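**Student:** The sequence and its predicted three-dimensional model are supplied below.
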Amino acid sequence: MNAKTILFLIGCLGSQVVCSQDKSTPNIILIFLDDMGNGDLGVTGALEYQTPNIDRLAQNGIRFTNFLSAQAVCSASRAAILSGCYPNRIGISGALFPRSKIGLNSDELILPELLKQKGYATSIIGKWHLGDSREFLPKQHGFDEFLGLPYSNDMWPVGYQGEPATDWRKDAFPPLYIIEGDEPKTPIKTLEDQAQLTRLYTERAVDFIRRKKDKPFFLYLPHSMPHVPINASAAFKGKSKQGLYGDVMMEIDWSVGEIQKALKTNGIENNTLIIFTSDNGPWLNYGNHAGSSGGFREGKGSSFEGGMRVPCIMYWPQQIKAGAICNSLSSTIDIYPTLAELLHLTLPEKKIDGISLLPILKGDLNAQPRKEFCYYYRANSLEAVRKEDWKLVLAHPGRTYENFETGINGFPGKVEENFSFKQGLYDLRRDPSERYDLQNQFPEVVNELLLIADKARKDLGDDITQAPGVNRRPAGKKIEN
């Protein structure tokens, strides 16, 4: 056998590895960061650190610039991305605390359960935060494997810098454990323990890819970082000119690079769709331990764009046009129906709120599948509505960070949680920072958006106007022993 024949056979074997999976069932990796702002990537203008691996995803995939979280807070945003619903539709709002009496309802058909209809192996590695009782944990919702934290990494009985916990922390929060499967395994007691989370999640994700490379898989990777308390492993600490926050973002970028490397090593990069986004904007009152909203108004916990507008990148070699930029209105709730249409799966009978973005992924950058969006916060308060580029902020009490000094080095600054925002109309094409109220100039636009608000109140309700909503579904309730 001559050398040319040997090289030909090696090439054939390599092709078999690459093509061993059915092209109609691509692997799906959903990377979901915690509190990463719209300005926290190199490709979106981050300063004093670089994110080359994430930027490369954008350069070789599609970047969405008008992409919204479903709600600017932890649990609600996670319920939304997994269900395709506004979180208040399915009874989830805010951030669930340890020992919560509610969690994600098992009656909801979430992404891993949907994908199992096509034979997908499923794993979540990272932060869950949809109920910490056993009946709410990921393995009860279609995930084959779970390694990570049951809720946010700040929900532990130790202060951010290792100082003694205050009484309310001792009373509210039990010890924080890394859970594997359904069982607590490794306690998180120090900031140094937290420094290992990004690397731990990444190594387990690479292992999952290696083990499941021969069948379609869904890997949900909701990182705990850069939610405070932030920390980076020794390999990245001190590497950024921006300080610890930059170090953390550099390590997350390394993680994305390791995922890409694993896909290439196992010959499945061309049959894998990577989706990279964030749960909400930055927690601004943490100052140098918080990210950047990229110039948008306010941050986490606010229905202004700084709380809701997040980066989103989708990468799929040979399927998504490299370097594409989509400016159409879109949201995390649209990922669920997009994947359902891609895989020819039937949507659940229960109403969802997402709209498929598949025409955009197929190359139609002028497509506008979503024209309207409802901005909810708190338990069920409708704070703003949008149609295309017009946004009507409704009168509401809400969080503002403005006119307060930020905290520093892991300690929070003050915020006003019940600032009285007045109604205002904003043209996001020319005023993305929502500073110039145009409602007196465009009363007809205000009336059109108020009709959308009335429709939302009838459907989903609104605590501000005491509208109950007729199509809301309950969260799951903890089984009391």
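**Tutor:** That came in fine, so what should we check first?

**Student:** quick one: the host helix or strand of Pro337 to chain centroid distance?
**Tutor:** Pro337 belongs to helix 335-342 when assigned by DSSP states H and E. In this view, helix 335-342 has its centroid 16 Å away from the chain centroid, taken as Cα atoms, centre = their mean, to the nearest Å.

**Student:** Can you name the next helix or strand after that helix?
**Tutor:** Heading C-terminal from helix 335-342 (DSSP H and E), you reach helix 358-361.

**Student:** tell me which strands and helices that next one is in contact with?
**Tutor:** Applying 3 or more Cβ pairs under 8 Å, 6 or more residues apart in numbering; DSSP states H and E, we find helix 358-361 packed against helix 335-342. The way it works is simple: take the backbone N, C-alpha and C, and place the C-beta from them, glycine included.

**Student:** follow-up on the earlier one: name the helices or strands packed onto the helix holding Pro337?
**Tutor:** Contact analysis of helix 335-342 by 3+ Cβ pairs under 8 Å, 6+ apart lists helix 74-83, helix 111-116, helix 358-361 as its packing neighbours.

**Student:** tell me the contacts of the residue nearest the centre of the chain?
**Tutor:** The residue lying closest to the centre of the chain (Cα atoms, centre = their mean) is Asp279, at 3.2 Å. Going by Cβ atoms under 8 Å, 6 or more residues apart in numbering, Asp279 touches 32-35, 69, 73-74, 77-78, 81, 222, 310, 332.

**Student:** Please report how far it lies from Gly119.
**Tutor:** Asp279 sits 28 Å away from Gly119, going by Cβ to Cβ, to the nearest Å.

**Student:** give me the number of residues near Gln59?
**Tutor:** Neighbours of Gln59 under the rule other Cβ atoms under 10 Å: 14.

**Student:** Backbone dihedrals for the residue nearest to it when sequence neighbours are not counted, both of them.
**Tutor:** Once flanking residues are discounted, Gln59 sits nearest to Gly323: 5.8 Å by Cβ to Cβ, 6 or more residues apart in numbering. In terms of degrees, to the nearest 10, the main-chain angles of Gly323 are phi 80, psi 10.

**Student:** Same question for the one 5 residues further on.
**Tutor:** Geometry field for Ser328 lists phi and psi as phi -70, psi 150, criterion degrees, to the nearest 10.

**Student:** Check whether it really touches Phe373, as I assumed.
**Tutor:** No: using Cβ atoms under 8 Å, Ser328 is not in contact with Phe373; the gap is 11.6 Å.

**Student:** Compare those two (neighbour count), which wins?
**Tutor:** The neighbour count for Ser328 versus Phe373, taken as other Cβ under 10 Å, is higher for Phe373 (23 against 20).

**Student:** so the more buried one bridges to which residues?
**Tutor:** Arg386 (DSSP bridges).

**Student:** what sits opposite Ile313 in the beta ladder?
**Tutor:** The partner residues for Ile313, given DSSP bridges, come to Arg63, Phe276.

**Student:** what residues are up against it?
**Tutor:** Ile313 is in contact with 54, 57-58, 61-64, 274-277, counting by Cβ under 8 Å, 6+ apart.

**Student:** one more time with 6 Å, if that's ok
**Tutor:** By Cβ atoms under 6 Å, 6 or more residues apart in numbering, the contact set of Ile313 is 57-58, 61, 63, 276.

**Student:** Tell me the spacing between it and Ala324.
**Tutor:** Distance of Ile313 to Ala324, given as Cβ to Cβ: 10 Å.

**Student:** cool, and Gly84?
**Tutor:** For Gly84 relative to Ala324 (Cβ to Cβ), the value is 23 Å.

**Student:** So those two - more neighbours on which side?
**Tutor:** Neighbour tally, Gly84 and Ala324, criterion other Cβ under 10 Å: the higher count belongs to Gly84, 32 against 17.

**Student:** got the contact list for the more buried one?
**Tutor:** Contacts of Gly84 by Cβ under 6 Å, 6+ apart are 333, 336-337, 352, 354.

**Student:** Show me the shaky parts of the stretch 351-481 of the chain.
**Tutor:** Across the stretch 351-481 of the chain, the ranges flagged by pLDDT under 70 are 481.

**Student:** Domain map for the chain?
**Tutor:** Here the domain parsing of the chain from automatic domain parsing is 24-370, 374-477.

**Student:** Check what pLDDT Asn280 gets.
**Tutor:** You'll see Asn280 listed with a pLDDT of 98.

**Student:** whoops, I mixed them up, Pro175
**Tutor:** According to the prediction, Pro175 has pLDDT 85.

**Student:** Find the nearest non-adjacent residue to it, please.
**Tutor:** Pro175's closest residue in space is Pro187 (Cβ to Cβ, 6+ apart), at 5.7 Å.
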